[in-house]
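# Build me a model:
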Amino acid sequence: MNPSISALEKAIKQKKISEASLIFLHELASNELKFVIELRKEGVLRCSKYEFEFKVIESLVRIGQKQKLLYESTRKYFESIESLSYIARDIHKIHSELLKETEKENFKNYLVSVDSLFWQMDDSFEFETKIPNKLNKEEITIAFSSYFYYLFNSPQNCNIKLNSLVDVKRIRSKFFLDNLTEFYKTLQFKEWEILVDKFEYTISKINSKNNQIVLESPNIDIEKAISLGYINCQLDEISHSMNHLIYEDSETLLLTKFATDFAMKHKDKLFEIKNSPVKRIIFKIPLTKELIDFLKRDEVFLEEMSTISFLQKALLIDLDKIKNVEICSGLCLFDVLKLQRLFAFLFLCFNAYIDSENLRKSKLFWRSILPVFTSDELHNLLSTFFGEQKSIQMIELLTWKSTSKIRFDIQTLPLINKGNEFILPLGILAGSNLFRNILQSTGFRFDANSSSDPIGNILQDVFSPVSSFFKTNVGYSFNGEEGDIDVITVIDGNTFIFECKNSLHPTNPFEMRTSYNYIETGASQLNKITGLWNTSGFIEYLRKKLGYEIPSNLCRAIVTGNQIFSGLRNDGYAVRYLHELCNIVRTGKISIKVTSLDEKVTRSVDFKIWQSDTFTSQDLVEYIEKDSIHQCYFNAMISREIKVQIKNTSLTRKTYALNLEKLCQEFESKFKSEYS
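Next up is the predicted model:
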């Protein structure tokens with residue numbers, strides 16, 4: 001980091017306005033554009049870096065705005081930071097009030113409230129399961145983790161009481177969920193800061209009287225690409241999750257039926273009501289041969305098929321790698337699948353017991369929703385199914401201890417340990433994405449130790465039948481320029497070059513920033529190729545190196561492993577989602593699917609993208625260079641506004657939703673349709 005930037009950040013932290021102002025004005029006058037780029041990159045003007053203290057930052061940007069002859073981009077940036085600092089007033093209040101509000105024994109109340117969001121509850125259940133302000137369960141869970149991370153690191157050091165009574169009245173009234181919804185606004189504020197710094201979103205105050213503030217992207221296509229990426233990912237998740245509902249009559253193993261039958265058969269052995277220290281239901285798991293043999297199976301259960309399918313698609317791996325590649329300490333993803341199977345079994349058994357005893361509305365239910373196991377009980381249970389060593393590794397991998405210095409995250413570390421006891425939030429353990437969370441926490445990548453890129457391998461399988469030449473990882477050195485071409489292929493007299501960038505689907509702007517950095521890197525690499533391509537002698541050099549008559553007609557794209565930013569252009573280069581690109585080459589069809597659970601049937605409208613009955617390079621050129629599909633998507637997106645009320649301030653984010661009816665109309669205007 002630039003020493004001046006470090007000194008500025010230090011002065012802001014120490015609230016030394018005069019010192020910070022001198023540095024700020026000097027750097028602004030010396031090299032305005034470079035200075036602002038560094039401010040954005042390092043996040044120096046983000047109030048969240050300073051516990052949402054806003055006074056120094058607000059003073060700095062106001063001083064900056066008084067300077068003459070500022071670039072328009074700088075002026076807009078300072079205006080956005082000033083608006084953020086205005087919002088930070090209320091965010092600071094929310095943050096401070098909520099951190100002071102909590103009582104030490106409330107950890108369990110909050111955890112019960114959050115875990116309940118992962119339970120499948122029927123209409124007769126008294127608790128209102130609709131999440132306030134339209135936050136989903138993952139967002140509420142993130143707020144819970146962040147909330148208690150702050151509390152665990154606060155001077156009063158929030159304490160965990162595993163056996164404390166839960167406050168059923170306030171749980172049912174959504175008191176704790178309302179608090180987490182309010183706290184989530186502090187996390188949204190951090191996201192807005194990232195959008196302003198990295199993606200050059202603007203925040204403007206449009207109505208001082210009513211404190212109305214608007215957040216919007218200066219580039220409509222970026223906002224549309226981000227929105228479309230999240231929409232398509234959600235549609236994929238819905239499609240995957242519905243598979244076991246549609247095919248529930250198949251002969252594939254059913255965990256749900258087995259767990260329900262087992263719970264009713266062994267009800268008296270499986271559950272016991274204890275009165276001390278508080279009245280609650282406890283698990284006593286009878287480890288029968290029937291149970292052990294069933295849960296230890298290496299077959300994929302029907303309820304797990306969607307998970308396997310999603311893992312294969314998201315991680316670009318096959319079932320063999322899921323079953324055999326170690327991700328950490330002797331564990332593979334299939335072990336994680338089996339572990340979640342065990343937790344899902346316990347969850348389903350408890351559900352069946354509660355229903356059979358008509359306990360949904362009872363205080364006993366709420367006091368029992370978080371089973372507590374001793375260390376020996378948990379270790380013996382896992383050892384039965386996974387062996388001694390794997391049991392130790394699993395507990396270590398998934399456990400957060402109250403004495404731990406590791407950042408608290410309930411989805412990454414869902415086993416809560418204190419002393420000799422463990423809390424098992426069964427809803428979170430059975431319903432969250434353990435796979436993604438474990439891969440994130442361990443930092444494991446399936447392609448980390450591989451000389452070949454998984455995206456390149458997939459493209460080779462797809463393009464080999466239709467191309468006359470295909471090569472991956474082509475290094476070059478020409479006229480002092482060195483680099484690598486990830487993929488080069490020739491089809492019908494056209495050369496296609498792809499830069500391949502693989503990362504997990506981002507769940508927030510911080511991870512989205514990483515995905516975008518990859519895309520920017522891909523664009524810079526394509527810029528080098530483009531410059532060389534137009535340099536005399538380079539194509540001939542490449543022909544000799546590859547031993548093939550490479551055509552001079554060139555088409556370039558950045559191919560990504562996740563759907564965020566697909567359809568965008570960076571430096572003029574198309575960003576395309578791997579599986580969509582493969583589908584265009586393989587089938588030439590885009591399907592819009594509608595699933596009917598009542599009829600257990602999925603109907604779809606297929607649109608033929610190919611111009612003839614067989615694939616040609618022109619179809620690919622139209623898809624990449626002419627945005628043949630994404631133009632339809634973007635045209636079918638309608639503007640929408642998301643409003644967040646932050647005490648007396650109202651922030652409106654301008655974004656987009658996908659209109660499926662309009663999308664069909666767009667496709668029908670360009671492509672032939674088939675109904676099935």
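# Can you show me the strands along the stretch 201-350 of the chain?
202-207, 212-216, 271-274, 280-283, 326-328, 331-332 (DSSP state E, counting those that start in this stretch).
# between these, which one is nearest to Phe496?
Phe496 sits nearest to strand 326-328 of all the strands of the stretch 201-350 of the chain, at 33.6 Å, using Cβ to Cβ. Every C-beta, even on glycine, is put in place using the N, C-alpha and C of the backbone.
# The closest one: how far from the chain's middle?
21 Å (Cα atoms, centre = their mean, to the nearest Å).
# quick check: mean pLDDT across that strand?
Across strand 326-328, pLDDT averages out at 88.
# before we move on, what about stretch 6-14?
Across stretch 6-14, the average pLDDT comes to 95.
# which residues are contacting that stretch?
Here stretch 6-14 makes contact (Cβ atoms under 8 Å, 6 or more residues apart in numbering) with Glu19, Ala20, Ile23, Phe24, Glu27, Glu42, Val44, Lys49, Tyr50, Val56, Ile57, Leu60.
# Need the max-distance pair from those residues.
Every pair of these checked by Cβ to Cβ; the farthest is Glu27 and Tyr50, at 18.7 Å.
# Count the neighbours of Gly64 for me.
Gly64: 24 surrounding residues under other Cβ atoms under 10 Å.
# Then Leu426?
Leu426: 25 surrounding residues under other Cβ under 10 Å.
# got it, and Leu424?
If you count neighbours by other Cβ under 10 Å, Leu424 ends up with 21.
# quick one, what contacts it?
By Cβ under 8 Å, 6+ apart, the neighbours of Leu424 are Phe343, Leu346, Leu370, Pro371, Val372, Phe373, Leu378, Pro414, Leu415.
# Looking at the residues you listed, which one is closest to Val559?
Nearest to Val559 among the contacts of Leu424, counting by Cβ to Cβ, is Pro414 at 34.3 Å.
# dump the residue contacts of the closest one.
Each residue near Pro414 by Cβ under 8 Å, 6+ apart is listed here: Leu398, Trp400, Leu424, Pro425, Ile428, Leu429, Ser432, Leu434.
# least confident pick among those residues?
On pLDDT alone, Trp400 ranks lowest of these, at 83.
# What about the contacts of Pro414, which are in strands?
Among these, DSSP state E puts Trp400 in strands.
# Highest neighbour count among the contacts of Pro414?
Counting neighbours by other Cβ under 10 Å, Pro425 leads the contacts of Pro414 with 26 neighbours.
# In the protein, spot the helix with the most residues.
In the chain, assigned by DSSP state H, the helix with the most residues is helix 72-101.
# Please parse the chain into its domains.
The chain breaks down into these domains under automatic domain parsing: 255-297+328-444, 454-641+665-675.
# Now tabulate these in CSV and tack on distance to Ile308.
Shown next, in CSV, are these (distance: least, Cβ to Cβ, whole Å):
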stretch, distance to Ile308
domain 255-297+328-444, 8
domain 454-641+665-675, 16
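# Between those, which one is closest to Gln67.
domain 454-641+665-675 (28.7 Å).
# Low-confidence stretches in this protein?
101-105, 120-133, 154-164, 207-209, 237-252, 402-404, 448-452, 593-603, 675-676 (pLDDT under 70).
# ok, the residue nearest the centre of it to Leu333 distance?
Among the residues of the chain, the one closest to the centroid is Thr507, at 2.1 Å (Cα atoms, centre = their mean). Using Cβ to Cβ, to the nearest Å, one gets 19 Å for the distance from Thr507 to Leu333.
# what does Ala574 give?
Ala574 sits at a distance of 32 Å from Leu333 (criterion: Cβ to Cβ).
# One more: Phe463?
From Phe463 to Leu333 the distance is 28 Å (Cβ to Cβ).
# Give me the more crowded residue out of these two.
Between Phe463 and Leu333, Leu333 has the larger neighbour count (other Cβ under 10 Å), namely 26 against 22.
# Wait, a helix at Thr412?
No. Judged by DSSP: H, G, I helix; E, B strand; the rest coil, Thr412 forms no part of a helix; its state is coil.
# Identify the residues contacting it.
Asn437, Ile438, Gln440, Ser441.
# need the contact list for the last one.
For Ser441, the contacting residues are Leu397, Thr412, Leu413, taking Cβ under 8 Å, 6+ apart as the criterion.
# what's the burial count for the first one?
With neighbours defined by other Cβ under 10 Å, the count for Leu397 comes to 20.
# Please point out which parts of the helix or strand harbouring Ile57 sit buried.
Counting by DSSP states H and E, the secondary-structure element that holds Ile57 is helix 55-65. Going by neighbour count (16 or more other Cβ atoms under 10 Å), the buried part of helix 55-65 is Lys55, Val56, Ile57, Glu58, Ser59, Leu60, Val61, Ile63, Gly64.
# ok, those vs Asp320, which is closest?
Of all the buried residues of helix 55-65, Asp320 sits closest to Ile57, with 52.6 Å by Cβ to Cβ.
# I'd assumed Gly43 was in contact with that closest one.
No. Using Cβ atoms under 8 Å, Ile57 is not in contact with Gly43, being 11.2 Å away.
# Quick check, Glu326 in contact with Leu333.
No. Look at Glu326 against Leu333 with Cβ under 8 Å: they stay out of range, at 9.6 Å.
# Val490 in helix, strand or coil?
At Val490 the chain is in strand, as set by three-state DSSP.
# does it have beta-bridge partners, and which?
Note on Val490: beta-bridge partners Phe469, Thr495, judged by DSSP bridges.
# re earlier: just want the angle from the helix holding Ile57 to helix 72-101.
Counting by axes from the mean of the first three to the mean of the last three Cα atoms, to 10 degrees, helix 55-65 lies at 170 degrees to helix 72-101.
# Could you tell me which other helices and strands helix 55-65 packs against?
When contacts are defined as 3 or more Cβ pairs under 8 Å, 6 or more residues apart in numbering; DSSP states H and E, helix 55-65 sits against helix 3-13, helix 17-30, helix 72-101.
# closest to Tyr201 among the contacts of Leu424?
Taking those together and measuring to Tyr201 by Cβ to Cβ, the closest member is Pro414, at 33.6 Å.
# any idea how far Leu339 is from that closest one?
In this view, Pro414 and Leu339 are 11 Å apart by Cβ to Cβ.
# Need the overlap of contacts for the two.
Both Pro414 and Leu339 are contacted by Leu434, under the criterion Cβ under 8 Å, 6+ apart.
# Now do the helices in the stretch 101-250 of the chain.
Using DSSP state H, counting those that start in this stretch, the helices of the stretch 101-250 of the chain run over 106-116, 137-152, 168-172, 175-199, 220-246.
# ranking those by burial, who's on top?
Among the helices of the stretch 101-250 of the chain, helix 106-116 has the highest mean neighbour count (mean count of other Cβ atoms under 10 Å), at a mean of 23.
# Could you list every helix and strand that that helix packs against?
helix 137-152, helix 168-172, helix 175-199, helix 426-431.
# Columns distance to Met512 on top of those, output as a markdown table?
Below are those laid out as a markdown table (distance: least, Cβ to Cβ, whole Å):
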| stretch | distance to Met512 |
| --- | --- |
| helix 137-152 | 15 |
| helix 168-172 | 33 |
| helix 175-199 | 8 |
| helix 426-431 | 24 |
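# Alright, that wraps it up for me.
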